[in-house]
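Peer 1: Next comes the sequence, and after it the predicted model I'd like to discuss.
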Amino acid sequence: MSVFLGWMPGAATQAALADLQHRIRAALPADAPRHDWRTPAQWHMTLRYLGESIDDARRMRIDDALQVLASRTQAIDAILAGAQYWPHARVLVAKVEATEALKALLKQLEMAMQGCGFAKERTQTAHITLAYLPRGAQPPTLPDMAIPASPLRVDRIELLQTVPAGYMSLASWPFAPGTTPA
């Protein structure tokens with residue numbers, strides 16, 4: 001089971017993701033490879049991967065670091081901007097336009113986790129996975145369709161662990177309202 005820092009979408013973003021997923025499913029050609037569609041309980045944006053497990057001491061350091069970070073950070077707006085296949089990873093993702101504030105948050109999380117003893121990780125590309133494709137499958141061309149951009153608001157960080165049906169939140173750090181970004 002993986003443990004990571006992430007963001008779980010609220011009702012408005014889930015509705016936009018469901019609409020996007022429905023439009024894509026309806027437009028796929030009949031000979032498209034099987035898609036393993038993600039459910040709302042599985043939708044998330046990974047902010048920083050932590051590993052297969054974390055011990056209690058490291059979890060306490062994470063909690064301390066994220067309490068400080070969250071208290072100095074305001075909600076971050078971003079945009080769901082369509083979908084694309086990532087053939088190398090065999091996934092269909094909802095693209096998230098990363099604002100400067102979201103990019104800054106990812107850098108701050110990376111620095112905070114290095115301060116908690118984690119090795120440097122590659123920078124995350126903001127996205128939400130909609131479906132997985134089978135090994136060896138060629139992704140079909142996404143049909144041209146008008147997909148309206150949809151705003152989303154990152155207002156907290158969750159410590160998430162994979163479970164069979166989705167993800168379990170082990171801790172949550174809501175951002176402070178009305179503060180300036182750290």
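Peer 2: Received, thanks.
Peer 1: make it CA atoms for all contacts and neighbour counts henceforth
Peer 2: OK.
Peer 1: Ala137 and Ala32 touch, don't they?
Peer 2: No. Counting by Cα atoms under 8 Å, Ala137 does not reach Ala32; the two are 9.1 Å apart.
Peer 1: who does the spatially most central residue of the chain bridge with?
Peer 2: For the chain, the residue nearest the mean C-alpha position is Met45 (0.5 Å; Cα atoms, centre = their mean). Counting by DSSP bridges, Met45 is bridged to Trp7.
Peer 1: which stretches of this structure form helices?
Peer 2: Ranges of helices in the chain, per DSSP state H, are 11-27, 56-71, 100-115.
Peer 1: possible to save those as a markdown table with distance to Arg38?
Peer 2: Shown next, in a markdown table, are these (distance: least, Cα to Cα, whole Å):
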| stretch | distance to Arg38 |
| --- | --- |
| helix 11-27 | 9 |
| helix 56-71 | 28 |
| helix 100-115 | 24 |
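Peer 1: Just list the residues touching the closest residue to Ala83 other than its chain neighbours, thanks.
Peer 2: Once flanking residues are discounted, Ala83 sits nearest to Ala94: 4.3 Å by Cα to Cα, 6 or more residues apart in numbering. Contacts were defined as Cα atoms under 8 Å, 6 or more residues apart in numbering; by that measure Ala94 touches 17, 80-84, 127-130.
Peer 1: how about a cut-off of 6 Å?
Peer 2: The neighbours of Ala94, taking Cα atoms under 6 Å, 6 or more residues apart in numbering as the test, are 82-83, 127-128.
Peer 1: Most neighbours among those residues, which one?
Peer 2: Ile128 (24 neighbours; other Cα atoms under 10 Å).
Peer 1: Looking at the helices of the chain, which is nearest to Glu121?
Peer 2: Closest to Glu121 of these, according to Cα to Cα: helix 100-115, at 7.3 Å.
Peer 1: what is the orientation angle of that closest one with helix 56-71?
Peer 2: 150 degrees (axes from the mean of the first three to the mean of the last three Cα atoms, to 10 degrees).
Peer 1: So which bits of helix 100-115 are buried?
Peer 2: In terms of neighbour count (16 or more other Cα atoms under 10 Å), helix 100-115 has its buried residues at 101-103, 105-107, 109-113.
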